[in-house]
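Novice: Sequence plus predicted model, see below.
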Amino acid sequence: MLHFFCNKSTLKQSDETVQTTAIIDRKARFGLNKIIKIMALLSLIGAYATSYFVRVNESMVAIKHNFPNGEITSVGSTPPAFKISSPGHPEADRLLVIGRTNGWGGPLETATVIGKAGKIEDVLVLGHKETPTFYKSLVSQRFFKQFSEKTLSAPLRIGEDVDAVGGATVSSKAFAKAARQGAHWAGRHEYGLKIEERPEQWQIGAKEVVLLVLYAVVLLGAIKKFSGLRKIVLLFSLGFIGFYMNSPISVSNFAAILLGYFPSVYEQPFWWLLVVGTLLLTVVYGRNLYCSWICPFGALQELLTLMGGVRLRLSKKIIRAANSSVYFFFWLALMIAFLTSNPALAAYEPFATLFGFKGSGVQWYLVSVAVIGSFLIPRFWCRFFCPAGAFLGQVLKLKKTVVQKIQTGVSHFAR
């Protein structure tokens, strides 16, 4: 009997030791996670500061690269304008005017090159933040060649005398606007032409109306908890936002906001409704409805899982590792965007490749990984790789913290 009580006492002490060890381990992990989060935040702040204070004159570098033997003389500052002289060959002199605007991914710069005859010779791209796939489409389909030989008073507008490239309409409009700025300035100030600029007008069309209706349906379904409606909305979003618009939300959109890159609300209302609208919807409603109800890539993953008929159960360790991997890729994407001041370089998601059927070998590899993984694991990409979902999750955490602080302050003041 004494032996029995001794064993019982020993077992009790052993359990207490195990529990104490588990508590210590949890505290150690919590402390390590906190240190990692602080280091990640500090590194992002450092990268952002570096991109803000360290500026390289990309315009002049690009101009000198295109005219290595020309003498470059400034003839205007707003916008920047230059005379390119060729010693001994005055007939080869050119006027070059820089135009600046914002595209889908951020700021872009062009140089409208004007010959002695007072016509546009070429439009050079000095810098841009557009998605590489979209920009390659513009180049491969000779978009910029359309401006050659046009007069300085030409409208240079999409749908009038310039054709957009399919799948890159927003980028086409932005580059056309920048080229128009340069041509019209030269026409007015160097050639004395009377060119009146049209005031910006709202370009709201059917796609913006469809998106607003989609938001209304999503809110109705989420509030009333219509689970069947969610699947219908996801299928519609797969076709509309995915394959038709090829505009799923990417981490590059959020990186652009953090860098202060905003396109014209008049010319790109769809961008504002999709990106800013999603943020507002997340903050106001208090849930990430985009990922669960709207994301076209999420819809595709759910379809693939249904087709595969396999649902692998993940252990807690794998789920914990998945959560860590998502935030690592999110941090890495922001670091790249901040250090390069180029949000497009942060967009490693295979959206443009999958929905636009355009991409490099690496991008197609990512598509293959996402597709195969989704056959086996529900929402495979969302769980292991999606940085946009991680960003929206952080927005919700920030909202919760702010609300708690306000409530605490109000409660303390009321006392």
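Specialist: Sure thing, it's come through.

Novice: CA only for contacts and neighbour counts going forward, please
Specialist: OK.

Novice: Would you mind identifying the helix or strand in this structure with the lowest mean pLDDT?
Specialist: Least confident helix or strand, the chain: helix 2-53 with a mean of 65, by mean pLDDT, DSSP states H and E.

Novice: Skip the chain neighbours and tell me the closest residue to residue 241.
Specialist: Excluding its sequence neighbours, the residue lying closest to residue 241 (Cα to Cα, 6 or more residues apart in numbering) is residue 247, at 5.6 Å.

Novice: Give me the neighbour count for that neighbour.
Specialist: For residue 247, the tally of surrounding residues (other Cα atoms under 10 Å) stands at 22.

Novice: which element is it on?
Specialist: Residue 247 is part of no helix or strand when elements are defined by DSSP states H and E.

Novice: And it, how far from residue 395?
Specialist: Distance, residue 247 to residue 395, by Cα to Cα, to the nearest Å: 21 Å.

Novice: repeat for residue 135
Specialist: The spacing between residue 135 and residue 395, counted by Cα to Cα, is 30 Å.

Novice: can you check residue 161 too?
Specialist: Residue 161 is 43 Å from residue 395, where distance means Cα to Cα.

Novice: Domain-wise, how is the chain divided?
Specialist: Per automatic domain parsing, the structural domains of the chain span 58-189, 206-412.

Novice: Residue 45 is nearest to which of these?
Specialist: In terms of Cα to Cα, the element of the domains of the chain nearest to residue 45 is domain 206-412, at 8.9 Å.

Novice: Next, count neighbours for the closest residue to residue 239 other than its chain neighbours.
Specialist: Nearest residue to residue 239, sequence neighbours excluded (Cα to Cα, 6+ apart): residue 296, at 7.6 Å. Counted with other Cα under 10 Å, residues neighbouring residue 296 total 29.

Novice: does residue 296 really touch residue 245, like I thought?
Specialist: No: here residue 296 does not reach residue 245: they are 10.7 Å apart, not a contact under Cα atoms under 8 Å.

Novice: got the buried residues for stretch 356-370?
Specialist: Buried residues in stretch 356-370, defined by neighbour count with 16 or more other Cα atoms under 10 Å: 356, 358-359, 363-364, 366-367, 370.

Novice: Tabulate those residues (CSV), appending pLDDT and secondary structure.
Specialist: Shown next, in CSV, are the buried residues of stretch 356-370 (pLDDT from 0 to 100; DSSP: H, G, I helix; E, B strand; the rest coil):
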residue, pLDDT, secondary structure
356, 82, helix
358, 75, coil
359, 69, coil
363, 78, helix
364, 84, helix
366, 87, helix
367, 90, helix
370, 91, helix
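
Novice: hey, where'd the strands end up in this protein?
Specialist: 71-77, 80-85, 94-102, 107-114, 120-127 (DSSP state E).

Novice: okay if I get these as TSV plus distance to residue 206?
Specialist: Shown next, in TSV, are the strands of the chain (distance: least, Cα to Cα, whole Å):
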stretch	distance to residue 206
strand 71-77	40
strand 80-85	37
strand 94-102	23
strand 107-114	26
strand 120-127	31
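
Novice: Among these, which comes closest to residue 207?
Specialist: Checking the strands of the chain against residue 207 by Cα to Cα gives strand 94-102 as the closest, at 20.4 Å.

Novice: Show me what the closest one is packed up against.
Specialist: Helices and strands touching strand 94-102, by 3 or more Cα pairs under 8 Å, 6 or more residues apart in numbering; DSSP states H and E, are strand 80-85, strand 107-114, helix 169-189.

Novice: Isn't residue 247 up against residue 239?
Specialist: No: Residue 247 is beyond contact range of residue 239, at 10.9 Å (criterion: Cα under 8 Å).

Novice: Please work out which of the helices and strands packed on strand 94-102 is packed deepest.
Specialist: Of the helices and strands packed on strand 94-102, the one with the most neighbours on average (mean count of other Cα atoms under 10 Å) is strand 107-114, at a mean of 25.

Novice: Next, the angle from that strand to strand 94-102.
Specialist: Angle between the axes of strand 107-114 and strand 94-102 is 160 degrees (criterion: axes from the mean of the first three to the mean of the last three Cα atoms, to 10 degrees).

Novice: Strand 107-114 vs strand 80-85, what angle?
Specialist: 40 degrees.

Novice: Sheet-wise, list the partners of strand 107-114 with their directions.
Specialist: Sheet pairing of strand 107-114 (DSSP bridges) gives strand 94-102 (antiparallel), strand 120-127 (antiparallel).

Novice: Can you say which of these is packed in most?
Specialist: Taking mean count of other Cα under 10 Å, strand 94-102 is the most buried of these, at a mean of 25.

Novice: Please report the average pLDDT across it, rounded to a whole number.
Specialist: Averaged over strand 94-102, pLDDT sits at 94.

Novice: Centre of the chain to that strand, how far?
Specialist: Its chain's C-alpha centre and that of strand 94-102 lie 25 Å apart, by Cα atoms, centre = their mean, to the nearest Å.

Novice: Dump that strand to PDB, restricted to CA.
Specialist: The C-alpha trace of strand 94-102 is given here as PDB (Å, rounded to 0.1, in the frame of the first residue of the first chain):
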ATOM      1  CA  ARG A  94      15.300  66.200 -81.000                       C
ATOM      2  CA  LEU A  95      13.100  67.500 -78.300                       C
ATOM      3  CA  LEU A  96      12.400  65.200 -75.400                       C
ATOM      4  CA  VAL A  97       9.600  65.800 -72.900                       C
ATOM      5  CA  ILE A  98       9.000  63.600 -69.800                       C
ATOM      6  CA  GLY A  99       5.400  62.700 -68.900                       C
ATOM      7  CA  ARG A 100       4.500  61.200 -65.500                       C
ATOM      8  CA  THR A 101       1.400  59.500 -64.200                       C
ATOM      9  CA  ASN A 102       0.300  56.500 -62.200                       C
END
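
Novice: Now do it and helix 169-189, the angle between them.
Specialist: Relative orientation of strand 94-102 versus helix 169-189 (the same axes, to 10 degrees): 140 degrees.

Novice: coming back round to it: who touches the residue nearest to residue 239 in this structure?
Specialist: Counting by Cα atoms under 8 Å, 6 or more residues apart in numbering, residue 296 touches 234-235, 237-239, 241-242, 248.

Novice: Out of the residues you listed, which is nearest to residue 72?
Specialist: Of the contacts of residue 296, the one sitting nearest to residue 72 (Cα to Cα) turns out to be residue 248, at 42.5 Å.

Novice: contacting residues for that closest one?
Specialist: 241-242, 295-297, 351.
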